[in-house]
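Novice: 3D, please:
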Amino acid sequence: MTIQHQIENELSQLLSPAVLDVVNESDQHNVPPNSETHFKVVIVSEDFVGMRKVARHQQIYAALAVQLQGPVHALALHTYTPQEWQQRQGNAPESPDCLGGSNGDKA
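Specialist: Below is the predicted model:
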(Lines give C-alpha, C1' and ligand atoms only; values in the text may rest on other atoms or scores of the structure.)
Protein backbone atom coordinates (compact mmCIF):
# COMPACT_ATOMS: atom_id res chain seq x y z
CA MET A 1 0.00 0.00 0.00
CA THR A 2 1.34 3.43 -0.91
CA ILE A 3 1.96 6.09 1.71
CA GLN A 4 -0.79 8.17 0.10
CA HIS A 5 -3.28 5.32 0.57
CA GLN A 6 -2.13 4.84 4.17
CA ILE A 7 -2.81 8.52 4.87
CA GLU A 8 -6.21 8.32 3.19
CA ASN A 9 -7.16 5.19 5.15
CA GLU A 10 -6.04 6.54 8.53
CA LEU A 11 -7.86 9.83 8.13
CA SER A 12 -11.01 8.24 6.71
CA GLN A 13 -11.25 5.90 9.69
CA LEU A 14 -10.49 8.63 12.23
CA LEU A 15 -12.70 11.45 10.97
CA SER A 16 -15.27 10.11 8.48
CA PRO A 17 -14.62 13.18 6.33
CA ALA A 18 -17.12 14.72 3.94
CA VAL A 19 -14.13 15.73 1.80
CA LEU A 20 -10.68 14.16 1.81
CA ASP A 21 -8.10 15.06 -0.79
CA VAL A 22 -4.57 13.74 -0.26
CA VAL A 23 -2.17 15.01 -2.91
CA ASN A 24 1.37 13.70 -3.31
CA GLU A 25 3.37 16.84 -4.06
CA SER A 26 6.77 15.13 -3.92
CA ASP A 27 7.35 15.71 -7.64
CA GLN A 28 7.52 19.44 -6.87
CA HIS A 29 10.59 18.90 -4.68
CA ASN A 30 14.16 17.72 -5.10
CA VAL A 31 13.51 14.04 -4.32
CA PRO A 32 13.94 10.85 -6.35
CA PRO A 33 11.20 10.01 -8.87
CA ASN A 34 8.11 8.27 -7.43
CA SER A 35 8.87 9.51 -3.91
CA GLU A 36 6.15 9.87 -1.30
CA THR A 37 7.63 12.48 1.00
CA HIS A 38 5.57 15.67 0.58
CA PHE A 39 1.78 15.72 0.88
CA LYS A 40 -1.05 18.20 0.91
CA VAL A 41 -4.17 17.14 2.82
CA VAL A 42 -7.52 18.88 2.47
CA ILE A 43 -10.04 17.47 4.93
CA VAL A 44 -13.57 18.52 5.84
CA SER A 45 -15.15 16.91 8.87
CA GLU A 46 -17.96 17.51 11.36
CA ASP A 47 -15.46 16.33 14.00
CA PHE A 48 -13.66 19.68 13.64
CA VAL A 49 -16.66 21.71 14.84
CA GLY A 50 -15.61 23.55 18.01
CA MET A 51 -11.92 22.66 17.59
CA ARG A 52 -9.17 25.20 17.06
CA LYS A 53 -6.96 24.64 14.03
CA VAL A 54 -3.99 23.64 16.16
CA ALA A 55 -6.06 20.90 17.84
CA ARG A 56 -7.21 19.65 14.43
CA HIS A 57 -3.62 19.44 13.24
CA GLN A 58 -2.48 17.72 16.43
CA GLN A 59 -5.19 15.09 15.95
CA ILE A 60 -3.99 14.42 12.40
CA TYR A 61 -0.32 14.34 13.42
CA ALA A 62 -1.15 11.74 16.07
CA ALA A 63 -3.06 9.62 13.57
CA LEU A 64 -0.18 9.76 11.08
CA ALA A 65 2.66 9.37 13.60
CA VAL A 66 4.11 6.31 11.86
CA GLN A 67 4.20 8.00 8.46
CA LEU A 68 5.65 11.19 9.91
CA GLN A 69 8.47 9.28 11.60
CA GLY A 70 9.39 7.59 8.37
CA PRO A 71 8.85 8.54 4.78
CA VAL A 72 6.77 11.73 5.11
CA HIS A 73 8.97 14.81 5.24
CA ALA A 74 6.31 17.51 4.81
CA LEU A 75 2.57 17.60 5.42
CA ALA A 76 0.49 20.65 4.47
CA LEU A 77 -2.83 20.50 6.31
CA HIS A 78 -6.00 22.34 5.35
CA THR A 79 -8.67 21.38 7.87
CA TYR A 80 -12.24 22.67 7.72
CA THR A 81 -15.66 22.16 9.19
CA PRO A 82 -18.43 21.74 6.59
CA GLN A 83 -19.54 25.34 7.23
CA GLU A 84 -15.98 26.68 6.78
CA TRP A 85 -15.65 24.66 3.58
CA GLN A 86 -18.91 26.08 2.27
CA GLN A 87 -17.73 29.61 3.09
CA ARG A 88 -14.57 28.89 1.08
CA GLN A 89 -16.78 27.67 -1.76
CA GLY A 90 -14.98 24.34 -1.75
CA ASN A 91 -11.53 25.79 -2.40
CA ALA A 92 -8.32 25.16 -0.50
CA PRO A 93 -5.17 27.26 -0.93
CA GLU A 94 -2.71 26.25 -3.61
CA SER A 95 0.68 25.06 -2.43
CA PRO A 96 3.49 27.54 -3.01
CA ASP A 97 6.38 26.68 -5.26
CA CYS A 98 9.20 24.99 -3.41
CA LEU A 99 12.31 27.16 -3.30
CA GLY A 100 14.36 24.82 -1.16
CA GLY A 101 17.36 26.24 0.63
CA SER A 102 19.00 29.60 0.19
CA ASN A 103 20.26 28.68 -3.30
CA GLY A 104 16.71 28.29 -4.67
CA ASP A 105 16.98 24.54 -5.36
CA LYS A 106 13.94 22.42 -4.74
CA ALA A 107 13.91 20.59 -1.40
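Novice: OK, contacts around Ser16?
Specialist: Ser16 makes contact with Ser45, Glu46, Asp47, according to CB atoms under 8 Å, 6 or more residues apart in numbering. (C-beta placed from N, C-alpha, C; glycine too.)
Novice: is it possible to get CSV of those residues that adds neighbour count?
Specialist: Listed next are the contacts of Ser16 as CSV, based on neighbours: other CB atoms under 10 Å:
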residue, neighbour count
Ser45, 22
Glu46, 12
Asp47, 16
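Novice: mind listing the helices for this protein?
Specialist: Assigned by DSSP state H, the helices in the chain fall at 3-15, 53-63, 65-69, 82-87.
Novice: centroid-nearest residue for the protein?
Specialist: Residue closest to the average C-alpha location in the chain (CA atoms, centre = their mean): Val41, at 2.5 Å.
Novice: circling back to that earlier point, just the closest of the contacts of Ser16 to His29, please.
Specialist: Nearest to His29 among these: Ser45, at 27.6 Å, using CB to CB.
Novice: what sits against the closest one?
Specialist: Leu15, Ser16, Pro17, Ala18, Thr79, Tyr80, Thr81, Pro82.
Novice: Ser26: how many residues sit nearby?
Specialist: Other residues lying near Ser26 total 22 when counted by other CB atoms under 10 Å.
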